[in-house]
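Chemist: no FASTA, just this:
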């Protein structure tokens, strides 16, 4: 138990070899020449320098960092754990204090973020390496994390209420399932995908980082470009499909309001690029515009969905034959042979966004908001809106004599132009929020 308390020790002309550590105490000019000094399992306390090496609980071997003018604070915390962390002297010393550790060293990363509120962290200062950092990749500051449970839930309502969800049960029913088996498969698939989605969203909320930054933990700073590019390609395909659907809704609306619109050359493509431009305006204006759009669109879409269901039930005098149609599978084995790949498809419906969710969860106010918001918004909305699609399509058999799964085609058959315009506007908003 060696203690150097209250003294200013200078042992010149000594060369201390801390073989596994490569540590040099420059400002204190301590040299132990030609000595291999090791302090295994010692409780050494250097009081004047406020340094504590308790039972060799300090590992310099992995760091290989030269400490110049560093005071080790015993009560400092880093990332929530009671570890030692450097505090730089600003007082008078025999030599000027050295520069802080590099951001690439563990010592530099150790103090790169600070806890601000609860388990939320934010970056102390932006990186100077422009190859690793830009405005879009920068972690959000705590004051930017304003999305509440309602905002997260409305986000998922807006994402879930779309034409693919409306038609999601169609393939399952046509494959032989009854309507309740199809809805149960959809619900179970979304409950399964919710688990990794909440877990992957956790670091996004805690540290404010988007998916490309989180991917660096698995792929490295260079390798992270691969999943970022791959998800970009998938997003381009999905955006193209959604833009085409939205363009079709605009085209049908204009054709209903102005019959001469259909004779205009390239009318469909004009509607397509009009919807594309609308999307770009929202995206360029940033996350707050998305937040506001989803906040007002969510209740509107819920009301529109139930209004469509009410119209179908009143017009058909019931829910139609599809809901009375039994399962075509006669044995459990036949059912499971179709159920397993169908469940996989339901999980895959949102699998890509489950990986990308830090892009959105980094704006969540806290972990409770992102967990509850996603739980409230995703599985219930997917299941209920799929049921609306099944019920309305079933009623369309009685109303129009055939099952119409495409909502745009269904709404275009309504008698009143005003109802058609309102309904197609709802489809337009549903597509835009997705």
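Modeler: Okay, I see it. Keep in mind that this is a model prediction, so the values were computed, not measured. Numbering: from 1, shown residues only.

Chemist: could you use CA atoms for every contact and neighbour count after this?
Modeler: OK.

Chemist: name the helices or strands packed onto the longest helix seen in the chain?
Modeler: Criterion DSSP state H: the longest helix present in the chain is helix 225-257. Helix 225-257 is packed against helix 211-214, helix 267-284, helix 417-433, with contacts defined by 3 or more Cα pairs under 8 Å, 6 or more residues apart in numbering; DSSP states H and E.

Chemist: buried residues in that helix, which are they?
Modeler: Residues 227, 239, 242-256 are the ones in helix 225-257 that count as buried (16 or more other Cα atoms under 10 Å).

Chemist: and what of stretch 337-355?
Modeler: In terms of neighbour count (16+ other Cα under 10 Å), stretch 337-355 has its buried residues at 339, 342-343, 346-347, 349-351, 353-355.

Chemist: try stretch 112-119
Modeler: Under 16+ other Cα under 10 Å, the buried positions of stretch 112-119 are 112-115.

Chemist: check contacts around the residue lying closest to residue 147 once chain neighbours are set aside.
Modeler: What sits nearest to residue 147 in space, not counting adjacent residues and going by Cα to Cα, 6 or more residues apart in numbering, is residue 364, at 4.4 Å. Each residue near residue 364 by Cα atoms under 8 Å, 6 or more residues apart in numbering is listed here: 145-148, 152, 205, 370.

Chemist: next step: the residues you listed restricted to helices.
Modeler: Going by DSSP H, the helices hold 152, 205, 370 from the contacts of residue 364.

Chemist: report the buried members of the residues you listed.
Modeler: Neighbour counting by 16+ other Cα under 10 Å classes 152, 205, 370 among the ones in helices among the contacts of residue 364 as buried.

Chemist: nearest to residue 264, of the residues you listed?
Modeler: residue 152 (41.3 Å; Cα to Cα).

Chemist: contacts only, for that closest one.
Modeler: Counting by Cα under 8 Å, 6+ apart, the residues that residue 152 touches are 364, 369-370, 373-374, 377.

Chemist: Throw those into CSV and include distance to residue 298, thanks.
Modeler: Putting the contacts of residue 152 into CSV (distance: Cα to Cα, whole Å) gives the following:
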residue, distance to residue 298
364, 17
369, 17
370, 17
373, 13
374, 14
377, 10
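
Chemist: okay, these in TSV with pLDDT and distance to residue 318 next?
Modeler: Below are the contacts of residue 152 laid out as TSV (pLDDT from 0 to 100; distance: Cα to Cα, whole Å):
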residue	pLDDT	distance to residue 318
364	93	42
369	94	39
370	94	39
373	95	34
374	95	33
377	93	28
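
Chemist: residue 179 and residue 425, how far apart?
Modeler: Shown here: residue 179 relative to residue 425, a distance of 28 Å by Cα to Cα, to the nearest Å.

Chemist: so for those two, which residue has more residues nearby?
Modeler: residue 179 (24 against 17; other Cα atoms under 10 Å).

Chemist: wait, the more buried one touches residue 393, no?
Modeler: No. Residue 179 is beyond contact range of residue 393, at 11.5 Å (criterion: Cα atoms under 8 Å).

Chemist: any shared contact partners between the two?
Modeler: Jointly contacting residue 179 and residue 393 under the rule Cα under 8 Å, 6+ apart are residue 322.

Chemist: count of neighbours near the nearest residue to residue 326 once chain neighbours are set aside?
Modeler: Nearest non-adjacent residue to residue 326, counting by Cα to Cα, 6+ apart: residue 178, 5.2 Å away. The number of residues packed near residue 178 is 20, by other Cα under 10 Å.

Chemist: now the one 5 residues further on
Modeler: Other residues within reach of residue 183 by the criterion other Cα under 10 Å amount to 23.

Chemist: next one: residue 222
Modeler: As a burial measure, residue 222 scores 10 neighbours (other Cα under 10 Å).

Chemist: which residues touch it?
Modeler: residue 216.

Chemist: and it, what element?
Modeler: Applying DSSP states H and E as the criterion places residue 222 in helix 216-223.

Chemist: that helix: which residues count as buried?
Modeler: The neighbour-count check on helix 216-223 (16+ other Cα under 10 Å) flags nothing as buried.

Chemist: any idea of the angle it forms with helix 225-257?
Modeler: 90 degrees (axes from the mean of the first three to the mean of the last three Cα atoms, to 10 degrees).

Chemist: and the average pLDDT for helix 216-223 is what?
Modeler: Helix 216-223 shows a mean pLDDT of 91 in the predicted model.

Chemist: now that helix, how far from the centre of its chain.
Modeler: 17 Å (Cα atoms, centre = their mean, to the nearest Å).

Chemist: what do you get for stretch 145-155?
Modeler: Worked out by Cα atoms, centre = their mean, stretch 145-155 lies 12 Å from the chain centre.

Chemist: and for stretch 340-349?
Modeler: For stretch 340-349, the distance to the chain centre is 21 Å (Cα atoms, centre = their mean).

Chemist: what do you get for stretch 303-319?
Modeler: Relative to the mean C-alpha coordinate of its chain, stretch 303-319 is positioned 35 Å out (Cα atoms, centre = their mean).

Chemist: low-confidence regions, the protein specifically.
Modeler: Flagging of the chain using pLDDT under 70 yields the residue ranges 1-111.

Chemist: let's check: the centremost residue of it is which one?
Modeler: For the chain, residue 357 is the residue whose C-alpha lies nearest the centre (Cα atoms, centre = their mean; 1.6 Å).

Chemist: nearest to residue 125, of the contacts of residue 364?
Modeler: Distance to residue 125, by Cα to Cα, is smallest for residue 145 among the contacts of residue 364, at 17.4 Å.

Chemist: from residue 361, how far off is that closest one?
Modeler: Look at residue 145 and residue 361: by Cα to Cα, they are 9 Å apart.

Chemist: who's more crowded, these two?
Modeler: residue 361 (31 against 17).

Chemist: got a list of what that one touches?
Modeler: Here residue 361 is in contact with 201-202, 204-205, 208, 370 (Cα under 8 Å, 6+ apart).

Chemist: which two of those have the greatest separation?
Modeler: Counting by Cα to Cα, the most remote pair of the contacts of residue 361 is 208 and 370, 12.4 Å apart.

Chemist: so which residues of this protein form strands?
Modeler: Secondary structure of the chain by DSSP state E: the strands cover 3-4, 43-46, 51-54, 70-73, 85-88, 113-117, 120-123.

Chemist: neighbours of the residue nearest to residue 368 when sequence neighbours are not counted, how many?
Modeler: Closest residue to residue 368 apart from its sequence neighbours, by Cα to Cα, 6+ apart: residue 149 at 7.5 Å. A count of nearby residues for residue 149, using other Cα under 10 Å, gives 23.

Chemist: do you know how far residue 149 is from residue 197?
Modeler: 15 Å.
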